Every structure is written in C-alpha cells, then in structure tokens.
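> no letters, just coordinates:
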C-alpha cells in the first residue's frame, strides 16, 4: 500500500515481443526509490516478453533497478548492444529476473550501489544466459552479481575486468571457468 512502481521510462514491453533494432535509447529517468516510488528498466523494461533488442545504444539512463535494461519472465534476447553510463540502485546496466539471453554486448561505465553492470537471478520461471559479453569499468557496484540462491544462471565466455567493487560479486569468481 502506498508504493508506486514505474516500468520502462524509454521503452516498455509487456506481454509483447517487439524487435528493437538499431536505436539510441538515452537520458531516460525513472524514480530511484525515494518517497515509495521505484522505477525499473529506465532505458527498456520487458515484462513477460520475448523481445529482441539488438545493435542499440543504451546510455545515460537512471532509475531504481536496471538503469539500462530490465527483464522479468520471458525469453528476451539482448544481443550486440552497447550499454554504457547508466545508473541505478541495483543493476546499473541490466537487471535480469527469471529468464533472458544476454549475448555479445559491450557493457561499460555503468554504476549501481549493488551490481554495477548486471544483476541476474534465474528461477523456475526462467533461466538467464550471460555469454560472450565485455563487462568492464563499472564505476561502482562491481561487474556482475548472481543471486546466491540461484543455481541455474549460466555464464560463459565473458570478459570481465577492472570493475570498481569487484568483477564477480555474490558469486564465485568465474575467471578461467567456461571460457570466462
């Protein structure tokens, strides 16, 4: 009671599966958790969506969760994007809940109090796959966070380095494992 949630200050996909191709999504702002107002997916929010997001610049967006992108339930496919200079309380670059494929992205210079670049959590509703990405130079919050109860998120062939707060937070450092 009394809490307001806001989704997708730039683009909002609910129970739809658009293809977002070759766009610039920048400078969107959502509530950052003050006065019981929380904004998720400040650049792009995909809920119950199989959206395809590719060859898009997602930059300088800010909010509470998923400064650049937020997905929850579904099989969103996020590929070949540049995700940079976004900020949030959690998941500065991306917040992935219950399924998403995060492939071949360059994620740089994002910031969060918790999980500077990527926060991922898989469960019975969906599995997250994080593969072939460059994750570097988070200015706060670390490179990647996988929920400690999550045993099914898959990470392979990522290049993760030079992130303030650590490269792998809340998860065993996977450098040297599965091509990371």
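Arrived safely, thanks for sending. Treat the numbers as computed from the prediction; the structure is a model and nothing was measured. Residues are numbered from 1 along each chain as shown.

> pull the contacting residues for residue 89.
Contacts for residue 89 (CB atoms under 8 Å, 6 or more residues apart in numbering) come out as 32, 33, 64, 65, 112, 113, 114. The C-beta positions use only the backbone N, C-alpha and C, and glycine is treated the same way.

> counting by contacts, list what the helix or strand of the chain with the lowest mean pLDDT packs against.
When each helix and strand of the chain is scored by mean pLDDT, DSSP states H and E, strand 168-169 comes last, with a mean of 86. Applying 3 or more CB pairs under 8 Å, 6 or more residues apart in numbering; DSSP states H and E, one finds that strand 168-169 contacts strand 144-146.

> I'd say residue 156 and residue 178 touch.
Yes - shown here, residue 156 and residue 178 form a contact pair, counting by CB atoms under 8 Å, at 4.0 Å.

> so where's this structure uncertain?
1-2, 35, 172-174, 177 (pLDDT under 70).

> next one: the spatially most central residue of it from residue 44, what distance?
Most central in the chain under CA atoms, centre = their mean is residue 94, positioned 1.0 Å from the mean C-alpha point. Counting by CB to CB, to the nearest Å, the gap from residue 94 to residue 44 is 9 Å.

> with residue 163 instead?
Residue 163 is 22 Å from residue 44, by CB to CB.

> so for the two, which sits in the more crowded spot?
The neighbour count for residue 163 versus residue 44, taken as other CB atoms under 10 Å, is higher for residue 44 (33 against 24).

> so who does the more buried one touch?
8, 10-13, 20, 25, 51, 53, 58, 68-70.

> would you mind giving those as CSV with distance to residue 121, neighbour count and secondary structure added?
Output for the contacts of residue 44, formatted as CSV (distance: CB to CB, whole Å; neighbours: other CB atoms under 10 Å; DSSP: H, G, I helix; E, B strand; the rest coil):
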residue, distance to residue 121, neighbour count, secondary structure
8, 19, 24, coil
10, 23, 22, coil
11, 22, 21, strand
12, 21, 16, strand
13, 19, 23, strand
20, 23, 21, strand
25, 23, 25, strand
51, 19, 24, coil
53, 19, 30, strand
58, 20, 32, strand
68, 17, 37, coil
69, 14, 36, strand
70, 12, 31, strand
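
> between those, which sits nearest residue 132?
residue 53 (15.4 Å; CB to CB).
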